[in-house]
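Chemist: Generate coordinates for the sequence data below:
(one chain, ligands or ions: 3)
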Amino acid sequence: MSTPMEQFIKEMQDFLQPDKVYIMDGSEEEAKALIKIAQEEKINDTPILSELNGDIFPNSYYHRSNSNDVARTEHLTFVCTPTKEEAGPNNNWMSPNEAKDKMNGLMKGCMKGRTMYVIPFLMGNPESKYAKNCIEVSDSVYVALSMRIMTKVGKAATERIGNSSDFFKGIHSVGDINPDRRFIMHFPQENCVMSYGSGYGGNALLGKKCYALRIASYLGQKEGWLAEHMIIIGVEAPDGKITYFLGAFPSACGKTNLALLQPVFPGYKVWTLGDDIAWINVGEDGQLYAINPEAGMFGVAPGTGENTNPMMIATLKNDKFFPTLFTNTSIDNSNNSPWWEGLSKEIPSDMTDWQGNKYDASLGKPAAHANSRFTVSIHNSPTLSKEYDNPKGVPISGIIFGGRRETTIPLVYESKDWNSGVFTASIIGSETTAAMIGGSVGTVRRDPMAMLPFCGYNMGDYFKHWLEIGKKVKNPPKIFMVNWFRKDENGKFMWPGFRDNSRVIKWMIDRIEGKAGAKETEIGLMPESLELDGLNISKETMDILLSVNKDDWKKEVGMIEEFYAKFGDKIPAELTAQLNDLKKKIGI
Ligand code: GTP
Ligand code: SPV
Ligand code: MN
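Modeler: Numbering: from 1, shown residues only. Ligands and ions are numbered 1, 2, ... in the order given. A predicted model of the protein is given here:
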């Protein structure tokens with residue numbers, strides 16, 4: 001008798017018809033062999049990977065993708081629940097049968113002449129009851145290698161799966177990388193995702209957004225937990241006490257930077273547990289606990305430099321776990337190293353841009369794609385927390401939400417209790433970024449909990465689920481809202497951001513410990529003061545950053561009402577009551 005895993009592999013072999021099947025074991029020898037294959041295999045005359053200068057970033061390789069395939073494609077991403085209502089207005093929907101027919105038509109025999117990589121992987125520590133078993137099949141060696149960095153691939157997964165039929169099935173092919181034939185279809189009822197036509201991270205590394213957020217959020221609703229687009233950090237104070245936070249920000253809005261923050265205060269230290277995804281459970285003691293189901297970081301390159309994120313530069317220079325991949329950055333030809341805007345002040349004089357052309361700075365365009373990324377093991381980070389692999393997770397004392405907003409949203413405010421925090425998170429608006437194709441960068445859209453593109457079911461039900469979780473938690477964490485991205489009338493960021501964000505985090509810790517005061521405002525509690533020693537910022541600027549402009553908020557409420565209206569009576573009464581309360585306070 002064959003095992004369910006063997007049956008799945010056989011079924012995929014019959015369906016996709018690859019020339020070869022390779023089952024990954026996760027070993028270092030295997031990684032070396034796959035890197036070699038990726039250096040020899042070419043798409044449009046470009047090798048899938050080329051070796052970079054190891055003296056600058058050790059064991060690093062460069063990948064240039066098709067220029068039509070550089071970010072997630074939300075308009076081609078579907079949640080295929082039996083009814084449209086289950087998927088909600090926050091998702092594109094197709095009936096499971098129609099979606100299956102479409103994907104079967106596109107994918108039958110699509111791996112002829114190619115190798116099917118079978119990637120058994122785990123999301124989370126195998127010892128953790130919260131970890132999940134998964135298998136992805138893919139015809140991309142770049143995906144196979146990336147999955148090895150981002151998740152626990154190989155033997156541990158195969159062993160944990162054993163004879164069980166309870167595993168996620170990810171079916172992926174790059175196809176001919178044509179956006180007209182690109183679909184990312186989620187089948188939550190079947191614990192399965194089919195993805196065709198893209199090799200890009202969030203579309204193709206199916207353990208990440210597809211499983212660990214969309215499918216997992218669906219499972220979480222059924223099973224009483226949360227799958228969130230959140231970082232996990234532990235902030236150590238000079239007395240050695242560590243306070244654990246979760247932090248949710250929309251794509252390309254600062255999670256990875258906050259996850260590796262180097263505080264400006266002596267004696268404070270941030271320990272990294274996760275930079276993108278958290279699975280959150282109510283523990284036996286009634287506390288909220290979080291684990292990071294991932295093992296690597298797929299981070300935005302532009303803006304990452306010695307001044308902004310020194311810990312990430314140190315991570316990229318570490319070679320404990322290999323390889324590190326750079327995708328769609330530019331190349332500095334003087335030393336064969338990756339370069340991106342923000343890596344150094346000086347622009348190298350001889351570069352190849354992300355599309356493979358000689359870079360001409362006079363054209364005023366960036367050399368690296370705005371969504372160019374690195375893929376690096378979290379084990380290479382000098383700030384990795386000792387608790388990273390704790391099967392129970394870490395106990396959470398604070399949740400930080402944020403968005404990218406030029407106006408309206410103050411630097412920081414605190415919600416009074418869990419329900420008002422859920423309301424605050426449900427009304428997040430954020431300017432769209434280059435992390436997604438198919439929208440104009442910079443337009444404000446509602447992005448509740450930073451989960452708009454990732455919630456695998458109706459967001460009205462999701463809000464209800466958040467409120468339910470609150471009822472089960474004994475000491476609910478404090479909930480904060482931040483905005484690092486406020487701009488002045490000249491379009492300049494008003495707050496220095498990055499390392500100086502630790503000034504705001506310190507206030508949060510003091511609030512959690514009952515050591516700092518706060519003033520009441522229309523939208524929540526705000527600092528009476530922040531520690532700004534050594535920072536050159538005017539009182540005028542701080543006053544704007546920490547104020548509530550009622551006219552701006554009146555406009556904001558209009559956008560919130562429009563968004564809520566899409567969900568009809570699915571919006572929980574608690575949130576409607578909060579909204580009415582806010583309206584009253586700002587004079588509507
Ligand atoms: P995803 O990986 O897409 O989920 O993004 P992320 O939320 O992890 O964002 P990341 O930390 O990679 O930051 C995205 C961009 O915002 C980068 O270009 C950063 O340099 C920039 N950024 C991060 N934090 C700050 C900040 O405090 N202030 C300013 N001005 N920019 C920031
Ligand atoms: C994001 O877009 O939120 C990312 C990158 O973290 S991806 O994995 O492609 O979704
Ligand atoms: Mn993300």
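Chemist: residues in contact with the longest helix belonging to the chain?
Modeler: Counting residues, the longest helix in the chain under DSSP state H turns out to be helix 550-565. In this structure, residues lying in contact with helix 550-565 by Cβ atoms under 8 Å, 6 or more residues apart in numbering are 407-408, 427, 429, 444, 446, 522-523, 571, 575-576, 579, 582-583, 586-588. To be clear about C-beta, it is placed using only N, CA and C from the backbone, and glycine gets the same treatment.
Chemist: repeat that with 10 Å
Modeler: Applying Cβ atoms under 10 Å, 6 or more residues apart in numbering, the external contacts of helix 550-565 come out as 89-90, 405, 407-409, 423, 426-429, 444-448, 452, 459-460, 463, 522-523, 549, 570-571, 575-576, 579, 582-583, 585-588.
Chemist: show me where the stretch 151-300 of the chain has strands.
Modeler: For the stretch 151-300 of the chain, strands defined by DSSP state E, counting those that start in this stretch occupy the ranges 152-153, 168-173, 183-187, 192-196, 226-228, 230-236, 242-248, 269-274, 278-282, 288-291, 296-300.
Chemist: from the middle of its chain, how far away would the last one be?
Modeler: Translated: strand 296-300. Centroid displacement of strand 296-300 relative to its chain, using Cα atoms, centre = their mean, to the nearest Å, is 8 Å.
Chemist: How about the residues of this structure by ligand 1?
Modeler: Counting by Cβ under 6 Å from any ligand atom, the residues of the chain lying close to ligand 1 are 249, 251-257, 275-276, 299-300, 302-303, 308, 435, 484-485, 493, 497-498, 501.
Chemist: buried subset of those?
Modeler: Restricting the residues of the chain next to ligand 1 to buried positions leaves 249, 251-257, 275-276, 299-300, 302-303, 435, 484-485, 497-498, 501, with burial counted as 16 or more other Cβ atoms under 10 Å.
Chemist: Which ones among those residues also lie next to ligand 3?
Modeler: Filtering those for proximity to ligand 3 (criterion: Cβ under 5 Å from the ion) leaves 251, 276.
Chemist: Quick one: mark the members of the buried ones among the residues of the chain next to ligand 1 that sit in helices.
Modeler: Judged by DSSP H, the subset of those located in helices is 255-257.
Chemist: all helices of the stretch 1-150 of the chain, in order?
Modeler: Defined through DSSP state H, counting those that start in this stretch, the helices belonging to the stretch 1-150 of the chain, from first to last, are 4-16, 28-40, 84-87, 96-107, 141-150.
Chemist: May I see the ones you listed organised as TSV, with distance to residue 398 added?
Modeler: Rendered in TSV, the data for these read as follows (distance: least, Cβ to Cβ, whole Å):
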stretch	distance to residue 398
helix 4-16	40
helix 28-40	37
helix 84-87	32
helix 96-107	39
helix 141-150	26
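Chemist: Just to be sure, residue 574 is in a helix?
Modeler: Yes: membership of residue 574 in a helix is supported by DSSP: H, G, I helix; E, B strand; the rest coil.
Chemist: Quick one: list the elements packing against the lowest-mean-pLDDT helix or strand in the chain.
Modeler: When the helices and strands of the chain are compared on mean pLDDT, DSSP states H and E, strand 42-43 comes out lowest with a mean of 88. For strand 42-43, the contact count by 3 or more Cβ pairs under 10 Å, 6 or more residues apart in numbering; DSSP states H and E identifies no helix or strand as a packing neighbour.
Chemist: who touches it?
Modeler: Outside of strand 42-43, the residues within contact range by Cβ under 10 Å, 6+ apart are 48, 64-66, 140, 142, 174, 177, 199.
Chemist: Paired strands for that strand, with orientation please.
Modeler: strand 46-47 (antiparallel) (DSSP bridges).
Chemist: Could you tell me how far the strand it pairs with lies from the centre of the chain?
Modeler: With Cα atoms, centre = their mean as the basis, the mean position of strand 46-47 lies at 28 Å from the chain mean.
Chemist: can you check stretch 529-540 too?
Modeler: Counting by Cα atoms, centre = their mean, stretch 529-540 comes out at 31 Å from the chain centroid.
Chemist: Could you pull up the mean pLDDT of that stretch?
Modeler: Across stretch 529-540, pLDDT averages out at 96.
Chemist: got the residues of this structure near ligand 2?
Modeler: 72, 201-202, 208-209, 251, 276, 298, 435.
Chemist: rerun at 5 Å
Modeler: Within the chain, the positions lying close to ligand 2 (Cβ under 5 Å from any ligand atom) are 201-202, 208-209, 251, 435.
Chemist: and those residues as TSV, adding pLDDT?
Modeler: Converted to TSV, the residues of the chain next to ligand 2 look like this (pLDDT from 0 to 100):
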residue	pLDDT
201	98
202	98
208	98
209	98
251	97
435	94
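Chemist: Beyond the helix or strand containing residue 425, next helix or strand please.
Modeler: Here residue 425 is covered by helix 418-426, with elements defined by DSSP states H and E. Sequence-wise, the next helix or strand downstream of helix 418-426 (DSSP H and E) is strand 429-431.
Chemist: and that next one, how far out from the chain's middle?
Modeler: Chain-centre distance of strand 429-431: 16 Å, with Cα atoms, centre = their mean.
Chemist: Check stretch 94-102 too.
Modeler: 27 Å.
Chemist: What are the buried residues along stretch 100-116?
Modeler: Those would be 100, 102-103, 106-107, 110-111, 114-116, for stretch 100-116 by 16+ other Cβ under 10 Å.
Chemist: Revised request: answer the last question for stretch 447-461.
Modeler: For stretch 447-461, the buried set under the neighbour-count rule, 16+ other Cβ under 10 Å, comprises 447-461.
Chemist: how about the helix or strand containing residue 543: buried residues?
Modeler: Applying DSSP H and E as the criterion places residue 543 in helix 539-545. Of the residues in helix 539-545, those scored as buried under the neighbour-count criterion (16+ other Cβ under 10 Å) are 542, 545.
Chemist: Return the nearest residue of the stretch 401-550 of the chain with respect to ligand 2.
Modeler: residue 435 (3.7 Å; Cβ to the nearest ligand atom).
Chemist: now swap in the chain and tell me
Modeler: Nearest residue of the chain to ligand 2: residue 202, at 2.5 Å (Cβ to the nearest ligand atom).
Chemist: Return the residues in contact with that residue.
Modeler: Shown in contact with residue 202 (Cβ under 10 Å, 6+ apart): 71-74, 77, 184, 195, 208-210, 213, 251, 276, 298, 435-436, 453-454.
Chemist: Once you drop chain neighbours, what's closest to whatever residue of the stretch 51-200 of the chain ends up closest to ligand 3?
Modeler: In the stretch 51-200 of the chain, the residue found nearest to ligand 3 is residue 72; the distance is 9.1 Å by Cβ to the ion. Counting by Cβ to Cβ, 6 or more residues apart in numbering, the nearest residue to residue 72 once its immediate chain neighbours are dropped is residue 202, at 4.0 Å.
Chemist: Kindly report the same for residue 474.
Modeler: Across the structure, with Cβ to Cβ, 6+ apart as the measure, the residue nearest residue 474 apart from its sequence neighbours is residue 286 (3.2 Å).
Chemist: Could you do residue 136 as well?
Modeler: Of all residues not flanking residue 136 in the chain, residue 170 sits nearest, at 3.5 Å (Cβ to Cβ, 6+ apart).
Chemist: what sits against the one you found?
Modeler: With Cβ under 10 Å, 6+ apart as the criterion, the residues that contact residue 170 are 119, 121, 134-138, 143, 147, 191-195, 204-207, 210-211, 215.
Chemist: Quick check: residues of the stretch 201-350 of the chain near ligand 3?
Modeler: 251, 276.
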